[in-house]
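Novice: Structure of the sequence below:
(one chain, ligands or ions: 2)
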Amino acid sequence: MIDQSLAQSALPSTRYERGIALGIEKFEDIVRVAPWEWEVPSCSGETVYLANLKHSACSCPDRPPAGEVCKHETAARYKKAKTATCIGCGGRFLHRDLYDVGEDSLTFFEGDVLCGGCASAHGVL
Ligand SMILES: [Zn+2]
Ligand SMILES: [Zn+2]
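Specialist: Ligands and ions are numbered 1, 2, ... in the order given. Below you'll find the model as predicted:
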């Protein structure tokens, strides 16, 4: 299944579509390990590649032509778009599972989000 909202924002590309498919299939295994750095498993699941979204670089052997990125980077961007980082525990959660901290919090800044566990721990819920 191709995510239509993401697919329409980019030029059609087999590499891109494979990246979205990888992002959906391996969603749980795509992990942010450092700012801009994401671990993305290969399609077979045997290898894990490191994609850097800031420098558009990936440790895989694919060398996409100008204007394209490898499917691991696309997969990582897909997960990044679908999720956000809980500032309480640093975990990555779907937007629908996160809570806005709100303007009146003294501990957090507006725009910060917390997962359900951290939200109740901090009395935000
Ligand atoms: Zn790659
Ligand atoms: Zn949390």
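Novice: Would you enumerate the residues in contact with the residue nearest the centre of the chain?
Specialist: Centroid-nearest residue in the chain: residue 80, 2.1 Å away (criterion: CA atoms, centre = their mean). Residue 80 is in contact with 32, 38, 53, counting by CB atoms under 8 Å, 6 or more residues apart in numbering. Placement of C-beta: from N, CA and C, glycine included.
Novice: May I have the secondary structure class of it?
Specialist: At residue 80 the chain is in helix, as set by DSSP: H, G, I helix; E, B strand; the rest coil.
Novice: what's the answer for residue 18, then?
Specialist: helix.
Novice: could you list every residue that touches the closest residue to it other than its chain neighbours?
Specialist: Nearest residue to residue 18, sequence neighbours excluded (CB to CB, 6 or more residues apart in numbering): residue 71, at 4.5 Å. If you count contacts by CB under 8 Å, 6+ apart, residue 71 has them with 15-16, 18-19, 22, 43, 62.
Novice: go on, residue 23?
Specialist: Counting by CB under 8 Å, 6+ apart, residue 23 touches 30, 74-79.
Novice: same thing but 7 Å
Specialist: 30, 74-75, 78-79 (CB atoms under 7 Å, 6 or more residues apart in numbering).
Novice: next one: residue 50
Specialist: 37, 39, 59.
Novice: Check residue 60 too.
Specialist: By CB under 7 Å, 6+ apart, the contact list for residue 60 reads 49, 70, 72.
Novice: Buried residues in the strand or helix carrying the last one, which are they?
Specialist: To tie it back to what came earlier, the one meant is residue 72. Using DSSP states H and E, residue 72 sits in helix 71-82. Of all the residues in helix 71-82, those buried under the rule 16 or more other CB atoms under 10 Å are 71-80, 82.
Novice: How about the contacts made by residue 91?
Specialist: By CB under 7 Å, 6+ apart, the neighbours of residue 91 are residue 115.
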